[in-house]
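sequence? don't have it. structure:
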């Protein structure tokens, strides 16, 4: 897990951590059941307060991205988690909206777009 903090960011430090972990989960860089650094380890690595890492992890847990296991630490939530699944669907929708706008600019028909989507789905299944 890679976290870069910026003093010049408008976001509070806990929010920067939260956003970067969320992005790494949604991008697949952090995978289901991956163990996250402990609160103390992350705080030490980033040279910040444990309270800050606790807040970031707590909010990620509330949002369904990670889960805590008693005595074992924090882990990336299963992709079957309803909240995580909903976030992934939202990301797909946003990307499809961008693709549709680009397709319209390229004067593609609906059939062209569907054919391209099917082709890309087949290529990615291999």
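Good, I have the coordinates. Small disclaimer: the values here were computed from a predicted structure and weren't measured.

now do the longest helix that the chain contains: which elements does it pack against?
The residue-count maximum for a helix in the chain (DSSP state H) belongs to helix 82-105. Applying 3 or more C-beta pairs under 8 Å, 6 or more residues apart in numbering; DSSP states H and E, we find helix 82-105 packed against helix 13-27, helix 110-125. (Glycine included, C-beta is placed from N, CA and C.)

which one of those helices is the most hemmed in?
For the helices and strands packed on helix 82-105, the largest average neighbour count (mean count of other C-beta atoms under 10 Å) is found in helix 13-27, namely a mean of 18.

so what secondary structure elements neighbour that one?
If contacts are counted by 3+ C-beta pairs under 8 Å, 6+ apart, helix 13-27 sits against helix 50-62, helix 82-105.

can you check what angle separates the shortest one from helix 13-27?
What that stands for is helix 50-62. Calculated by axes from the mean of the first three to the mean of the last three C-alpha atoms, to 10 degrees, helix 50-62 forms an angle of 40 degrees with helix 13-27.

redo the helices and strands packed on helix 82-105 as JSON lines? Include mean pLDDT and distance to residue 33.
Listed next are the helices and strands packed on helix 82-105 as JSON lines, based on pLDDT from 0 to 100; distance: least, C-beta to C-beta, whole Å:
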{"stretch": "helix 13-27", "mean pLDDT": "93", "distance to residue 33": "11"}
{"stretch": "helix 110-125", "mean pLDDT": "89", "distance to residue 33": "23"}
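
all set now, cheers.
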